[in-house]
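Trainee: Generate coordinates for the sequence data below:
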Amino acid sequence: MPCVQRSWLAKLFVMAQLLNLGVLCSERPPQPGPLRFPDRKQEHFIKSLPEYHVVAPVRVDASGHFLSYALHHPVTSSRRKRDLGGSEDQVYYRIPHEEKDLFFNLTVNQELLSKSYIVERRYGNLSHVKMVASSGPPCHLRGTVLQQGTRVGTAALSACHGLTGFFHLPHGDFFIEPVKKHPLAEGEYHPHVVYRRQRRGIPEMEQPACGLNGIVTSSHWVEEFVLLWFF
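Mentor: Down below sits the predicted model:
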């Protein structure tokens, strides 16, 4: 083969590789910059942590290609349990974290909540009670998370309003939650915060009531309940 033709083919190969790299890079969301927390309570909590990361989750297909910045997985509530388990009940997310991508392979969890559950909120006493019946399609997910480098973990997330939940990797346990009250626009990502679960002992009351020892705080009980229920 003449040298001129080989040189032309080599240049064509390099151009093709650059174009392919450009397509892959264009699928990645822009990295979050400095962020302001509109919700004061969330800001106080997040900034009290020893370390946290602001991330930009996106919904992707089974191959990891970008689909949407919208994170809610459309599932109709009228589907029966025996119809579950198909591809429509699976959803995939990609989250850049610690300079590596996390790939979430999740399935709708129909067993978590009853279709007729009621949420009761109490504000101070029994005279301030608000009860809300269940509505909308299921949005609780569970499955696996894969980190570049073939690390596999587990995840349990809610996609009702952004991504909220817990995922486990070999090197630690992590929580994720959306930045509350952040203005959302079509075609733009919703910033989220990822932080490591803090290992701590179970706090005890100095003067336990009714002779009970080992009373735990409500936040610690909820955390342990989540870990036991999903894993």
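
Trainee: what pairs with residue 147 across the strands?
Mentor: residue 102, residue 151 (DSSP bridges).

Trainee: For it, the count of nearby residues, please.
Mentor: Residues near residue 147, counting by other C-beta atoms under 10 Å, number 18. Every residue, glycine included, has its C-beta placed from N, CA and C.

Trainee: The one 4 residues further on too?
Mentor: For residue 151, the neighbour count with other C-beta under 10 Å is 13.

Trainee: Same check on residue 41?
Mentor: For residue 41, using other C-beta under 10 Å, the count is 9.

Trainee: Now it: phi and psi?
Mentor: Backbone geometry at residue 41, expressed as degrees, to the nearest 10, gives phi -60, psi -40.

Trainee: Show me what the residue nearest to residue 49 when sequence neighbours are not counted bridges to in the sheet.
Mentor: In space, residue 49 comes closest to residue 195 once its chain neighbours are excluded; the distance is 5.1 Å by C-beta to C-beta, 6 or more residues apart in numbering. Beta-bridge pairing of residue 195 under DSSP bridges involves residue 175.

Trainee: so what's residue 195 scoring on pLDDT?
Mentor: Listed pLDDT for residue 195 reads 96.

Trainee: That one and residue 126, how far apart?
Mentor: 36 Å (C-beta to C-beta, to the nearest Å).

Trainee: ok, the two, which is more surrounded?
Mentor: A side-by-side neighbour count of residue 195 and residue 126, using other C-beta under 10 Å, places residue 195 first with 16 against 6.

Trainee: tell me the contacts of the more buried one?
Mentor: 46, 49, 51, 52, 53, 174, 175 (C-beta atoms under 8 Å, 6 or more residues apart in numbering).

Trainee: OK, contacts around residue 164?
Mentor: By C-beta under 8 Å, 6+ apart, the contact list for residue 164 reads 157, 158, 176, 177, 178.

Trainee: okay but the third one is in contact with residue 157, surely?
Mentor: This points to residue 176. Yes - counting by C-beta atoms under 8 Å, residue 176 does reach residue 157; the two are 7.2 Å apart.

Trainee: shared neighbours of these two, anything?
Mentor: 163, 164, 165, 166, 167.

Trainee: hmm, which of the residues you listed are the buried ones?
Mentor: 163, 165, 166, 167 (16 or more other C-beta atoms under 10 Å).

Trainee: Could you measure from residue 64 over to residue 110?
Mentor: 26 Å.
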